[in-house]
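>>> sequence-free structure coming up:
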RNA sequence: GCCGAAGUGGCGGAAUGGCAGACGCGCCGGACUCAAAAUCCGGUCCCCGCAAGGGGGUGUGGGUUCAAGUCCCACCUUCGGUACCA
């Protein structure tokens, strides 16, 4: 093996590491701990993608580095293995999803192992393993057993829930219902996407334009009993505790926005008596609108209450039926049906035009007694606030559009600042009319301009016309002339005794007033909804829940959790995995499994399964004690290892996975099962790796079309502004050249070409398979390239030539030490046990410094650059110091561990007389990280630029510690500078020792 | 629309406010070779110039500063997130 051959070196070291359990992490170490976590993968059938090893390599480098820095490093890997693709495969092929899943896991494990990551494989977890999901089910039981105490701001055992006396008086059943209504895991009727044709419930992303993604069948939203988790109770803490973690600010912001806290008031509007159909409500829809005869709204702008000129309820609002007058009932019902057919997305994204219908009823504005019409419209969502709004068209963009569409009154109550008013269309009209000219030409006036004129005529004719006064007058009295809506803060007008107040003061005062009048109260609302936690699927964790049934098999409403001793509750074997054809989940088909008799009572098992998030919510805890069958984790181990010191993964999990995990963690914390409030101390998102750069040209009926006239999304190209489809021609890099900002075809002038890197996808055919890269260049090259591409967080395109570049670097490193002309692995004669020269010594220490700093700042690409420079320096030497090379291998080892181990062994183990020559199996994994000596970093002399007026004119070679005045003196006397300064006035001299000298001359 | 990130050679990228383009790719030239590959050496931001040298240059336009890729203001483009949340 004379030349560098990763195919031999890499498997050899992987075997050594595996057999001697080099990376087994002891729990009983007195070293400081460091927990480095990767987001574990979903083992898809497609195998590993080059995007996976990006984050894994980064964490592996840090894990290896931290080990050498004396940390006890926990670095585990596992599988997020429940999920839809396996179930889909099972439906199609009729095999058990477990089979497919296990096969995929085996592939992933094999692929990951070939990359030489230093995982402690004894801690591997698999979310589909009963030994694992036993504890997922147990955590669900903890959620089920917990209620949120708002006074203590803490989740507590349900047994500690105070039962109000009136409930107590009604007996056991009432108490049970009361408790069930307070649990963090509860059941409710929730609208789901039901597709009759496919006979299944679909996830939101499987529904496109109200049709199923597969087959294009109609999808309707229908209510179904579901499990929900009361994450909203934790909204405030999920928000607050973001301050305590070291995460990228944009990710924190995304979480804050998702939680969506807004402060305002709830206000009750009485119904106008004449129009109310008083009927007691029979169902509880979970809305906070409690009494009939009232509509409760939430608003963040209670200060605009005087401007509320109508109300809007969401079409699903429970009061709609009661409020609809006979004359309106046909249109209202038709509108409700139409709205039910639309998905949330359609209602918002696609519907640019506002729609709605009048119910026929009126409500009373509490501040002025005005009777205002009540409409329903789908721009009001039932799931936010109270499902009803007071519409203030003058100061809310949506209400403004709605009012314009349906010609509803607009009533200004906030005076905008002058700057806003002077940018309006009306102000422009005033300008055009030539304010101050007494007699504009009435013949040519536009309708609106005539109205403006009429309104301000007396002011125009006054002695001193003031345009600002006029625009203010127009805003107050003729707001319908304005084409824009003012939704910001300003000064109150038309608001009775509140006039003149600022928005902030008004909000405070009116909220107090409403509270005093018992018409409203201060209220905080969150966008965050309770977490819909059940799926109508087979391949997920079964719920450890029994539903009591009566003699006829009908549910009594009583629910019974399984006890820990009954866990894990396994998935039943079923004949097939096809949907049942009705909204019942596939588990309903498992007859023998379904029915349970316990203590003489009959039960039916819960047939929903948990979503994929469940297993991934807590896997970082299981790694700490992966095989424990007595507890989800030993408390001592939790205490030792938590929190995760560094968590690396894709930004696609910025919101949901991280939010859900944090929520579960907090519940476990409240219940005393984990010792800290936040699981992930530091978070880093790796950027996506795109496919190779592609050059695309376009043709229409044989003629080239320049790229700026084309709308190209990667798949289809349309001539801009038309729907003319263009021919897409993939062209070679060699046939294009860059002019200015874009690329052009070399052979055809002025034909611009699209140059872009796309997301890797099967259909595009630009997926890079890591197996192939390893096959051709080895794992060390793949690792190094992924890190050398650019900053970890950045999105960057793949380039196979770049892999070759780092491969060549590794070859050079090999040849630096190993004689590649021989058959056996032997050191080059140039490698000797000598002290390095001063320059090399300095270079080495400087490199150690650069690599160390780079690792501490996760700047892997610059660390590699530094080592390349060191390698280039050493290559030039005919005698190479062994100690320098050994240090080099230590700092290289986290990046290219196989190669570093091999060379390290060649350098440390004396050659044996026969056989392989050198090559022991002593690992460098726990060698101490090299230190650098600051005093050796300074060169004997340094170059200092000399500038005149900020432009470099000369360079001085001086001692590194030269003082300020000596440096200035040297600069003045420099032979290039001297003549340039002659005859000039030196206004100022800036001297930064060790950096530069700058003469400012006149 | 709103929010976020980013715009630096042919490409990926580097630069505590202090010599822009480190390192790598690609390209050009040379050495080795019968030849090629591999390897090694040199060059490579743009413009003017044989050269010495000079001028320009970090998306655009302004500003702060002795000095700006870096700080401030406005704008443009690309990518990502989000979607009537009252």
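It's in. Every value quoted in this text rests on a predicted model; they were computed, and no experiment measured them.

>>> Now do the contacts for the most centrally placed residue in chain A.
The residue lying closest to the centre of chain A (CA atoms, centre = their mean) is residue A:654, at 2.1 Å. Contacts were defined as CB atoms under 8 Å, 6 or more residues apart in numbering; by that measure residue A:654 touches A:251, A:254, A:255, A:685. Where you see a C-beta, it was placed from the backbone N, CA and C, and this is true even at glycine.

>>> Where strands are concerned, which of those residues count?
Judged by DSSP state E, strands contain the following of the contacts of residue A:654: residue A:685.

>>> Can you say which two of the contacts of residue A:654 are spatially most distant?
Spatially, the most separated pair among the contacts of residue A:654 is A:255 and A:685, at 12.8 Å (CB to CB).

>>> Check the gap between residue A:891 and RNA strand B for me.
15 Å (CB to the nearest atom of the strand, to the nearest Å).

>>> ok, residue A:847 - how many residues close by?
The tally of other residues near residue A:847 (other CB atoms under 10 Å) stands at 24.

>>> Would the strand or helix carrying it count as contacting RNA strand B?
According to DSSP states H and E, residue A:847 maps onto helix A:838-856. No: counting by CB under 7 Å from any atom of the strand, RNA strand B has no neighbours in helix A:838-856; the shortest distance is 8.0 Å.

>>> Who are the packing partners of that helix?
helix A:51-68, helix A:860-875, helix A:882-892, helix A:934-937 (3 or more CB pairs under 8 Å, 6 or more residues apart in numbering; DSSP states H and E).

>>> Of these, flag the one that's most buried.
helix A:51-68 (a mean of 24; mean count of other CB atoms under 10 Å).

>>> I'd like the mean pLDDT over the helix or strand just after that one, please.
With elements assigned by DSSP H and E, the helix or strand that comes after helix A:51-68 is strand A:72-74. Mean pLDDT, strand A:72-74: 97.

>>> ditto for stretch A:142-153
So the average pLDDT for stretch A:142-153 ends up being 97.

>>> What residues of it count as buried?
Neighbour counts over stretch A:142-153 (16 or more other CB atoms under 10 Å) mark A:142, A:143, A:144, A:145, A:146, A:147, A:148, A:149 as buried.

>>> do the same with stretch A:69-88
For stretch A:69-88, by 16+ other CB under 10 Å, it's A:69, A:71-87.

>>> Then stretch A:724-740?
A:726, A:728, A:731, A:736.

>>> my read: the last one touches residue A:742, true?
No: when contacts are counted by CB atoms under 8 Å, residue A:736 is not listed as touching residue A:742 (9.6 Å).

>>> intersection of neighbour lists for these two?
Taking CB under 8 Å, 6+ apart as the criterion, residue A:736 and residue A:742 both touch A:753, A:755.

>>> just for the stretch 201-350 of chain A, where's the confidence low?
Low-confidence segments of the stretch 201-350 of chain A, defined by pLDDT under 70: A:203-210, A:213-214, A:273-292, A:342-350.

>>> what about the strands in it?
A:207-208, A:211-212, A:220-229, A:261-271, A:294-299, A:310-313 (DSSP state E, counting those that start in this stretch).
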